[in-house]
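Visitor: here is my input; please provide its structure:
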Amino acid sequence: MREELLTVHDIAKWFGRSERWVRDHAAGRRRPYIPCIKMGSRDFRFKESEIEEWLGTLKKKYAHVM
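Guide: Just a heads-up that it's a prediction; the model follows:
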């Protein structure tokens, strides 16, 4: 089964952040790095399942801070 790829706009809306913030984290200019598929110099796509897994990992990693 094929998974639909999300755009920078989709991720920005989901996270409540700017598209620039998403691009910076996807490109590795800022941490944490967002897992993505690079489609060009400024074009990224994201698998929803990978993003959900990544968010779960961050939640576990920073649970003690909350």
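Visitor: packing partners of the longest helix along the chain?
Guide: As assigned by DSSP state H, the longest helix anywhere in the chain is helix 48-61. Applying 3 or more Cβ pairs under 8 Å, 6 or more residues apart in numbering; DSSP states H and E, one finds that helix 48-61 contacts no other helix or strand. No exception for glycine: its C-beta is placed from N, CA and C like everyone else's.
Visitor: just give me the residue closest to the centre of this protein.
Guide: The centroid of the chain falls nearest to residue 34 when counting by Cα atoms, centre = their mean (3.8 Å).
Visitor: which residues in this structure form helices?
Guide: Secondary structure of the chain, counting by DSSP H: helices at 8-15, 19-26, 48-61.
Visitor: how about residues contacting the last one?
Guide: In this structure, residues lying in contact with helix 48-61 by Cβ atoms under 8 Å, 6 or more residues apart in numbering are 3-4, 6, 11, 14, 32, 34-35.
Visitor: that older thread, gap between the residue nearest to the centre of the chain and residue 15?
Guide: From residue 34 across to residue 15, the span is 9 Å (Cβ to Cβ, to the nearest Å).
Visitor: shared neighbours, those two?
Guide: Here residue 34 and residue 15 share the contacting residues residue 22, scored by Cβ under 8 Å, 6+ apart.
Visitor: quick check: buried residues in stretch 10-17?
Guide: 10-12 (16 or more other Cβ atoms under 10 Å).
Visitor: columns distance to residue 40 and pLDDT on top of those residues, output as JSON lines?
Guide: Shown next, in JSON lines, are those (distance: Cβ to Cβ, whole Å; pLDDT from 0 to 100):
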{"residue": "10", "distance to residue 40": "17", "pLDDT": "98"}
{"residue": "11", "distance to residue 40": "16", "pLDDT": "98"}
{"residue": "12", "distance to residue 40": "18", "pLDDT": "98"}
